[in-house]
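Undergrad: any chance you could fold what I've pasted below:
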Amino acid sequence: MKVSGGIVAAGLGGVALFSGGAAAEIEDYTVSATDITGKSDDGTLERIDVWAKDVQYGYRGLESPATKSTVELQAKYEPDGDVQASGYDWQTLGGDDATFSDETIGGQSQSGLKVGRLEADLLSHDGLDASLFEETEDGEKNVVDDVSLRLKVTIETKDNYGVTGDVKTDLSVAMQNIPEDAEPEGDAGGQIVSAELIGISPENAEADVETEGVLSVYGHHDGDERVFTVLLDEPWSDGDEPHANVGLGFDVDQSGRWDFQVNWSSADGIFTENDNRDDYSTSPDFTGEKDGEKLVFRIDEDEFDGDTFEFVANASYGGATHANVSSDPTKSWSPEDDFRSSEYFITVDVSA
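TA: Numbering: from 1, shown residues only. Sure thing, here's the model as predicted:
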């Protein structure tokens, strides 16, 4: 899933500038697998698919015409943040689809050059083995937060003067071992499903507590369901905190009014706000579960009209303090149309 009009990866790097003002840069992209979750009935896995799509790049200020461009999907493993100790620095992932090259470019400045999609198995990195991510104990989860991805662009010129630029994002890989009696037909291969970041709450200048990064939402397809994973810090997610709650709103037909919400609160657990309002006669077909600071909502595919919809996420506790994933850091639910308006929602596209 991607957020319209913005880059959806967290922890981005910048443009690398070189002598004479020459620069190469990744201009636009959507990175999938910013957060990865997976499960199997024996805790093992075969591969971890990561990809970047809608990639564009450019360059400027070269001293001689460009002759070749290369864009690479790379990964790095830093256990405990020490790349020197591990010896596993940035490495281009394996396979033909992890690298793009073009020897037809020219000129000293260009922009909007399209790559399309780059993809690879994260385990093709020499420093990453499946055992790092696997969890052998029934019902347990193994989380690895020491892996990063980047897109690197290199421009070669006629005088052999090259420039490079890159953007980076961190990964969190979580592998869940399903107890044998919980899901007897689980996938023993354990291929991880990647989830794309929809949004992270920014600073809310009107809030009296820190809101930046306390709420993040990821999404992915799983068969005939759309799965939305919410990571919610405490005390926002504390079941003992008065009035702690989070709600996801969906305007599926982009009509300017939300069609349904899926919600959790410390008072009521998992529910839908549609059931609490007389002006909504139907409720979404969904399930939800909460495990500490993580909530997962699974919504039937038939609840959506197409690949594009309007979306908002809002969390609060104590009755007043709000964190939002929306078009305005200080707002989520608009009072217009008796709080049915999707004025502050963002556009999400789930097309492949």
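
Undergrad: show me where the stretch 201-350 of the chain has its strands.
TA: 215-222, 225-232, 245-251, 260-265, 269-271, 286-291, 294-300, 308-317, 321-325, 346-349 (DSSP state E, counting those that start in this stretch).

Undergrad: out of those, flag the one nearest residue 278.
TA: Closest to residue 278 of the strands of the stretch 201-350 of the chain, according to C-beta to C-beta: strand 260-265, at 14.9 Å. C-betas here are computed from N, CA, C, even on glycine.

Undergrad: which strands border that closest one, and is each parallel or antiparallel?
TA: strand 245-251 (antiparallel), strand 269-271 (antiparallel) (DSSP bridges).

Undergrad: where in the stretch 51-200 of the chain is pLDDT low?
TA: 80-88, 135-143, 145, 170-197 (pLDDT under 70).

Undergrad: switch to 90 and redo it
TA: Within the stretch 51-200 of the chain, the stretches with pLDDT under 90 are 51-64, 75-90, 94-96, 108-153, 158-200.

Undergrad: okay, helices next: where are they in it?
TA: With DSSP state H, counting those that start in this stretch, the ranges of helices along the stretch 51-200 of the chain come out as 83-86, 130-133.

Undergrad: picking that back up, can you put the strands of the stretch 201-350 of the chain in TSV and add mean pLDDT?
TA: Output for these, formatted as TSV (pLDDT from 0 to 100):
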stretch	mean pLDDT
strand 215-222	82
strand 225-232	88
strand 245-251	96
strand 260-265	96
strand 269-271	96
strand 286-291	93
strand 294-300	92
strand 308-317	92
strand 321-325	86
strand 346-349	86
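
Undergrad: for residue 253, which non-adjacent residue is closest in space?
TA: Distances taken as C-beta to C-beta, 6 or more residues apart in numbering place residue 305 nearest to residue 253, at 4.9 Å, with adjacent residues excluded.

Undergrad: residue 205 now?
TA: Using C-beta to C-beta, 6+ apart, the closest residue to residue 205 is residue 330 (6.5 Å).

Undergrad: beta-bridge partners for residue 166, please?
TA: residue 152.

Undergrad: ok, it touching residue 151?
TA: Yes. Counting by C-beta atoms under 8 Å, residue 151 is a contact partner of residue 166 at 6.2 Å.

Undergrad: who's more crowded, these two?
TA: residue 151 (24 against 21; other C-beta atoms under 10 Å).

Undergrad: which other residues reach stretch 232-242?
TA: 213-215, 244, 246, 266, 290, 292-295, 315-319, 323 (C-beta atoms under 8 Å, 6 or more residues apart in numbering).

Undergrad: buried ones from these, can you make that a ChimeraX selection?
TA: The buried residues among the contacts of stretch 232-242 can be selected in ChimeraX (16 or more other C-beta atoms under 10 Å) with this line:
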select :214,215,244,246,266,290,295,315,316,317,323
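
Undergrad: sorry, back to before: measure the residue nearest to residue 253 to residue 350 for me?
TA: From residue 305 over to residue 350 the distance is 12 Å, taken as C-beta to C-beta, to the nearest Å.

Undergrad: domain map for this structure?
TA: For the chain, the structural domains run 2-36+49-179, 201-349, going by automatic domain parsing.

Undergrad: contacts only, for residue 341.
TA: So residue 341 contacts 256-258, 334-335 (C-beta under 8 Å, 6+ apart).

Undergrad: rerun at 7 Å
TA: Neighbouring residues of residue 341 by C-beta atoms under 7 Å, 6 or more residues apart in numbering: 256-257, 334.

Undergrad: could you export stretch 274-293 as PDB, CA atoms only?
TA: Extracted as PDB, the C-alpha positions of stretch 274-293 are listed here (Å, rounded to 0.1, in the frame of the first residue of the first chain):
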ATOM      1  CA  ASN A 274     -20.700   2.000  13.100                       C
ATOM      2  CA  ASP A 275     -22.600   0.000  15.800                       C
ATOM      3  CA  ASN A 276     -22.700   3.100  18.000                       C
ATOM      4  CA  ARG A 277     -24.300   5.400  15.500                       C
ATOM      5  CA  ASP A 278     -27.900   5.600  14.400                       C
ATOM      6  CA  ASP A 279     -26.900   7.100  11.100                       C
ATOM      7  CA  TYR A 280     -25.000   4.000   9.900                       C
ATOM      8  CA  SER A 281     -27.100   0.900   9.200                       C
ATOM      9  CA  THR A 282     -24.300  -1.500   8.200                       C
ATOM     10  CA  SER A 283     -21.100  -2.700   9.900                       C
ATOM     11  CA  PRO A 284     -17.900  -3.900   8.300                       C
ATOM     12  CA  ASP A 285     -17.000  -7.600   8.100                       C
ATOM     13  CA  PHE A 286     -13.800  -7.600  10.100                       C
ATOM     14  CA  THR A 287     -11.900  -9.200  13.000                       C
ATOM     15  CA  GLY A 288      -9.400  -7.600  15.400                       C
ATOM     16  CA  GLU A 289      -6.900  -8.700  18.000                       C
ATOM     17  CA  LYS A 290      -4.600  -6.900  20.400                       C
ATOM     18  CA  ASP A 291      -1.300  -8.100  21.800                       C
ATOM     19  CA  GLY A 292       0.300  -5.500  24.000                       C
ATOM     20  CA  GLU A 293       1.300  -2.500  21.800                       C
END
